[in-house]
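> return atomic coordinates for the entry below.
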Amino acid sequence: MTADTARRPSLTVASGLLGLSSIASRLTTLVVMALLARGAGAEAVGYYGLATLSASFTAAALSFGLVTHLTREAAAGQIAPDEVARLHAGRLALLGLAVLAAWPITSVAVSPALRGAFLLFFAASLLEQWNETGWVLVRGTRRAWREAAVNGGTGALLVAACAVAATRGGLTLDRAAVLVLAAAGLRSVVALLATGAWRVRPARVDVRTRLRASLPYFAADLLGLIYFRGDVFVLALFVTAAEVGSYVSAASIVGPAVQVAASMGVGALAYAARRGLAGDAAEPLTIYRFFRLAGNLAAGALFIALPLGVTILFGSAPDVVALSAVLGLFLALRFANYGLSAILLAEGRAGGRLLVLVYSIGGNLLLNLLLDGRYGSAGAAWSTVLTELIVATSMLWFIRDRGLVRPVLAGVGMVAAAAAVLVGVGRFGQTPAVLATGALLLVLAAGQALRGRGARILTPAEVR
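So this is what the prediction gives:
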């Protein structure tokens, strides 16, 4: 197996395809859960969710940050594809042991009638996580489309199989578990073929060195969980369970878009890590502007869809709409900050990103303690928005690229303008405020896109 030194795809392809892949995965999960709820009830969906959540935490604990580390190193040409393939094979053995270890644990925590299905869901989710190290071999290359194609295609097959089962006696928990595991197995086999990871040549791997290098990424992953979940625990100290529920509901609306942004960030990391081969000094600016544009588009679309979407999902819930609107501002900033994170990691500064998370968690905790007691869930939502300013400032400090300062300030200014519209128009009604804010963000995104077209004809020096 040899390194892929072919010309990179565009940033839109490298990052956008991973975003599309993430969207396809989320839609597949949503449809399967809906069909399972109709066929087996809400309890079955709950067990499905617990199994996949348990697998996600297990995979995160056993990944040791290798996925992000290898994405950066492989794209930068710092690790041979053969070594990636061997680490990929080793991860399969490790996750297999996790499935075996889960067997006695589930005998205590899960009823015998549900134990088999729970383990099948658990194993299927671990296989999904395992594929990540294989896809490292194509991310940032002209073969990057294969990841989105494989995930989307196998997801469509799973949905079709579940739909057929639903029309023939109903989709039971056991049937769903078998189908989900079969789809995960098929996806893993096709991924091996698509990436070439199946061509593993036996050789020694310096696992200790790789794990030591990936520890900053591992620590950042764990701190990231605290950052995205810790505010709920602080909020619970000050408000009722019902108000916490409204905040969690709002976060669940924004959450999938944040996951898409995270996937796009991985694609951008693979793209940016090859910058040393391309030698284009203007690329940090290109990456940031791309994510700023994507963030405004995503947030604008969210605002426009909020009034109807919340009504469909939760009924009449003005509190959820209000909180989701504030978190929509967070979404725009989070997208942009994922672009900065990709730039920082591509430069090999994983320690810097770790410190960014430490500062952000500290700032978020302080803001929540100051605002939650007085403003409740609204204080928690605005704390989340303000924390992203700490993230952006810290990222800029560690990247140390003066060419990014003005674009970042412009991005923050756009979100500040949207916040002003949300608060100002909010005096005349919630729905007009949400729609006006969404329209503003979409107009700003359109302006960025038009300006970006003109910027492509400039030289790197002129862009600076």
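
> where does the prediction get shaky in the stretch 1-150 of the chain?
For the stretch 1-150 of the chain, the stretches with pLDDT under 70 are 1-14, 17, 42.

> show me the helices in it, by range?
11-40, 42-63, 66-75, 81-109, 112-135, 145-167 (DSSP state H, counting those that start in this stretch).

> name the helices or strands packed onto the third one?
The reference is to helix 66-75. Other elements packing on helix 66-75 under the criterion 3 or more CB pairs under 8 Å, 6 or more residues apart in numbering; DSSP states H and E are helix 81-109, helix 112-135, helix 207-235, helix 241-273, helix 318-346. The C-beta positions use only the backbone N, C-alpha and C, and glycine is treated the same way.

> try it again at 6 Å.
Under the contact criterion of 3 or more CB pairs under 6 Å, 6 or more residues apart in numbering; DSSP states H and E, helix 66-75 touches helix 207-235, helix 241-273.

> can you tell which of the helices of the stretch 1-150 of the chain is closest to residue 354?
Proximity to residue 354 (CB to CB) singles out helix 66-75 among these, at 11.7 Å.

> can you redo the helices of the stretch 1-150 of the chain as a markdown table with distance to residue 285?
Compiled in a markdown table, the helices of the stretch 1-150 of the chain are given as follows (distance: least, CB to CB, whole Å):
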| stretch | distance to residue 285 |
| --- | --- |
| helix 11-40 | 11 |
| helix 42-63 | 31 |
| helix 66-75 | 19 |
| helix 81-109 | 30 |
| helix 112-135 | 27 |
| helix 145-167 | 25 |
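
> and residue 448, how close does it get to residue 411?
9 Å (CB to CB, to the nearest Å).

> whoops, residue 77 was the one
31 Å.

> tell me which of these two has more neighbours.
Neighbours were tallied for residue 77 and for residue 411 using other CB atoms under 10 Å; the higher tally belongs to residue 411 (27 against 14).

> so what's the residue nearest the centre of the chain up against?
Computing the C-alpha centroid of the chain and ranking residues by CA atoms, centre = their mean puts residue 259 first, at 2.6 Å. By CB atoms under 6 Å, 6 or more residues apart in numbering, the contact set of residue 259 is residue 22.

> deepest in the core, which of the helices and strands packed on helix 66-75 is it.
helix 241-273 (a mean of 21; mean count of other CB atoms under 10 Å).

> can you give me the angle that one makes with helix 112-135?
30 degrees (axes from the mean of the first three to the mean of the last three CA atoms, to 10 degrees).

> where does pLDDT dip in the stretch 351-464 of the chain?
Checking the stretch 351-464 of the chain against pLDDT under 70 turns up 452-464.

> run through the strands of it in chain order.
Ranges of strands in the stretch 351-464 of the chain, per DSSP state E, counting those that start in this stretch: none exist.

> out of the helices of the stretch 1-150 of the chain, which is closest to residue 391?
Comparing the helices of the stretch 1-150 of the chain by their distance to residue 391 (CB to CB), the top pick is helix 66-75, with 16.9 Å.

> which positions in that closest one come out as buried?
66, 67, 68, 69, 70, 71, 72, 73, 74, 75 (16 or more other CB atoms under 10 Å).

> count of neighbours near the residue nearest to the fifth one when sequence neighbours are not counted?
Excluding its sequence neighbours, the residue lying closest to residue 70 (CB to CB, 6 or more residues apart in numbering) is residue 136, at 4.6 Å. Other residues near residue 136 come to 29 when the count uses other CB under 10 Å.

> again with residue 30
Residue 30: 12 neighbours (other CB under 10 Å).

> and for the one 10 residues further on?
When neighbours are counted by other CB under 10 Å, residue 40 registers 20.

> give the contact list for it.
Here residue 40 is in contact with 172, 173 (CB under 6 Å, 6+ apart).
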